[in-house]
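# with the sequence up front, the predicted model follows.
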Amino acid sequence: MDIRYFYQTNQHSYNREAIIDSFAKAISKAIELPEILEVCLYDLGESVYGGIDLYRINRIGLHYNIPLDSLPKILAHELVHVHQKHKGYLKITRDHKCYWHGIFVTKKLPDEMTYEEYMNLPWEYDAYTRQTKVLQQAMDILEQGI
């Protein structure tokens with residue numbers, strides 16, 4: 001897996017990149033991901049830790065000052081979303097229509113939703129229910145040196 005990093009005005013963080021590299025590569029052995037992953041380390045605003053790019057299948061955003069010990073869990077969650085898009089389970093069109101397994105769900109953007117609406121999106125539910133298992137699989141892979 002090739003991982004490309006993008007920064008805004010914040011400084012490069014080689015510690016973050018090392019954590020992301022090792023966990024993303026381990027997660028890619030647990031779930032199918034694209035060959036190239038783009039990681040944007042930006043200021044995503046207050047209380048936003050990560051997110052997927054609406055249009056690019058292989059791009060995620062992570063808040064640049066996430067505590068290092070929280071990074072693997074947030075990365076696992078976002079990479080489940082990348083997996084969903086890569087496999088075609090989640091599709092977002094240019095006019096923001098969101099489909100889950102081919103069924104139209106919403107046209108609202110996350111910032112137009114209440115927290116409850118957002119948490120009830122089927123792809124969010126899927127990511128939250130799978131992130132712990134995916135993270136554990138990645139840790140096992142890292143521990144075994146696979």
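Noted; the coordinates are in hand. Numbering: from 1, shown residues only.

# quick check, central residue of this structure?
E78 (1.5 Å; Cα atoms, centre = their mean).

# how about that one, what does it touch?
Counting by Cβ atoms under 8 Å, 6 or more residues apart in numbering, E78 makes contact with 50-52, 60, 62, 127. For the C-beta atoms, the positions are set from N, CA and C on the backbone; glycine is no exception.

# looking at this, it is in a helix?
Yes: membership of E78 in a helix is supported by DSSP: H, G, I helix; E, B strand; the rest coil.

# so how far is E143 from it?
From E78 across to E143, the span is 22 Å (Cβ to Cβ, to the nearest Å).

# go on, Y118?
On the measure of Cβ to Cβ, Y118 and E143 end up 34 Å apart.

# who has more neighbours out of the two?
The residue with more neighbours, out of Y118 and E143, is Y118; 14 against 9, by other Cβ atoms under 10 Å.

# how about the more buried one, secondary structure?
helix.

# check the chain for its longest helix and report it.
For the chain, the helix with the greatest residue count under DSSP state H is helix 122-144.

# roughly how far is it from the heart of the chain?
11 Å (Cα atoms, centre = their mean, to the nearest Å).

# tell me the buried residues in it?
For helix 122-144, a neighbour-count test (16 or more other Cβ atoms under 10 Å) marks 123-124, 126-127, 130-131, 134-135, 137-139, 141-142 as buried.

# turn these into a markdown table, including distance to R16 and pLDDT.
As requested, the buried residues of helix 122-144 are exported to a markdown table (distance: Cβ to Cβ, whole Å; pLDDT from 0 to 100):
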| residue | distance to R16 | pLDDT |
| --- | --- | --- |
| W123 | 25 | 97 |
| E124 | 24 | 97 |
| D126 | 26 | 98 |
| A127 | 21 | 97 |
| R130 | 23 | 97 |
| Q131 | 19 | 96 |
| V134 | 19 | 98 |
| L135 | 17 | 97 |
| Q137 | 21 | 97 |
| A138 | 16 | 97 |
| M139 | 18 | 96 |
| I141 | 20 | 95 |
| L142 | 16 | 95 |
